[in-house]
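predicted model, plus sequence, below.
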Amino acid sequence: MAEALIAVHDLRRTYGRGRTAVHALRGIDLDVAAGQLLAVRGRSGSGKTTLLNLVGGLDRADGGRVHLAGQEVTAMRESELLELRRGTLAYVFQSFGLIPMLTAAENVGVPLRLQRMDPGEREERVAAVLALVGLTAHRNQRPGELSGGQQQRVALARALAPEPRVLLADEPTGQLDSQTGREIMYLIRQLVDEEGLTAMVATHDPALLGVADRVVELTDGRLDET
Ligand SMILES: Nc1ncnc2c1ncn2[C@@H]1O[C@H](COP(=O)(O)OP(=O)(O)OP(=O)(O)O)[C@@H](O)[C@H]1O
């Protein structure tokens with residue numbers, strides 16, 4: 001089997017304690033091979049967001065381990081997690097998370113500014129990823145002047161700008177109509193194939209599971225292959 005770019009072992013997360021404790025993840029084991037598009041399905045509250053947040057180091061586990069590209073995320077200090085989120089790893093959320101005052105191109109350029117990329121190189125990279133998501137003609141529009149699908153394309157372009165190895169997407173089509181949602185999933189499929197990404201996408205939209213290489217299902221904090 002190809003290298004497991006994402007390796008999750010006995011991952012646990014409980015919110016609260018005592019009688020009101022919620023066991024969001026009850027010992028998850030999961031390997032995702034490099035270049036795979038994995039869909040994580042499950043009802044609302046099954047633990048999808050919690051799993052993605054732990055894989056991406058946005059939240060701390062109560063037990064178990066996560067390795068990303070050979071590095072142990074669960075053992076990292078905050079400064080190392082920050083570094084990880086600026087390089088190896090990219091996130092896309094349901095709510096797009098764009099900065100309203102900035103144009104599409106400026107939003108895409110944000111992570112490259114944080115990397116202190118030289119302005120000329122940055123312009124080139126922004127143009128390239130905007131072209132990749134089909135938004136060259138909209139580069140000077142602000143998020144409020146774009147459709148939901150276009151805003152998610154900008155968010156994807158921004159995620160890809162620093163050339164990450166892993167893309168984590170939490171309900172990326174959750175705010176979109178089904179046709180636009182399908183287009184975004186096809187785009188993610190294309191980006192995985194063409195940019196050599198490994199992606200983990202949480203969704204409970206059954207129509208979107210068809211483009212994944214593999215689908216796993218979370219039920220009450222436990223994982224099953226489907
Ligand atoms: N910060 C928190 N404090 C307490 N409980 C939480 C917290 N975050 C999540 N939970 C609980 O943990 C469980 C898993 O939540 P999670 O958000 O991971 O599910 P999900 O599958 O992503 O749901 P959705 O599809 O609705 O986004 C739920 O029962 C939720 O109520």
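Arrived safely.

Lys48 touches Thr219, doesn't it?
No: when contacts are counted by Cβ atoms under 8 Å, Lys48 is not listed as touching Thr219 (10.9 Å). All C-beta atoms are positioned from the backbone trio N, CA, C, and that covers glycine.

overlap of the contact sets of these two?
Taking Cβ atoms under 8 Å, 6 or more residues apart in numbering as the criterion, Lys48 and Thr219 both touch Gly42.

neighbour count winner among those two?
A count of neighbours by other Cβ atoms under 10 Å puts Lys48 above the other of Lys48 and Thr219, at 24 against 12.

okay, the more buried one: pLDDT?
Per-residue pLDDT puts Lys48 at 95.

the spatially closest residue to it that is not a sequence neighbour pairs with what?
Counting by Cβ to Cβ, 6 or more residues apart in numbering, Lys48 lies nearest to Ala202, which is 3.8 Å off, once chain neighbours are set aside. Listed by DSSP bridges, the beta-bridge partners for Ala202 are Val40, Asp170.

contacting residues around Ala202?
39-42, 48-49, 51-52, 169-171.

these also near the ligand: which ones?
Taking Cβ under 6 Å from any ligand atom as the test, the ligand is in contact with 42, 48-49 out of the contacts of Ala202.

which positions in this structure make contact with the ligand?
15-16, 22, 24, 42, 44-50, 204.

secondary structure and distance to Tyr186 added to these, as CSV?
Listed next are these as CSV, based on DSSP: H, G, I helix; E, B strand; the rest coil; distance: Cβ to Cβ, whole Å:
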residue, secondary structure, distance to Tyr186
Tyr15, strand, 35
Gly16, coil, 39
Val22, strand, 35
Ala24, strand, 31
Gly42, coil, 22
Ser44, coil, 25
Gly45, coil, 28
Ser46, coil, 25
Gly47, coil, 27
Lys48, helix, 21
Thr49, helix, 23
Thr50, helix, 27
His204, coil, 18
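
good, wrapping up.
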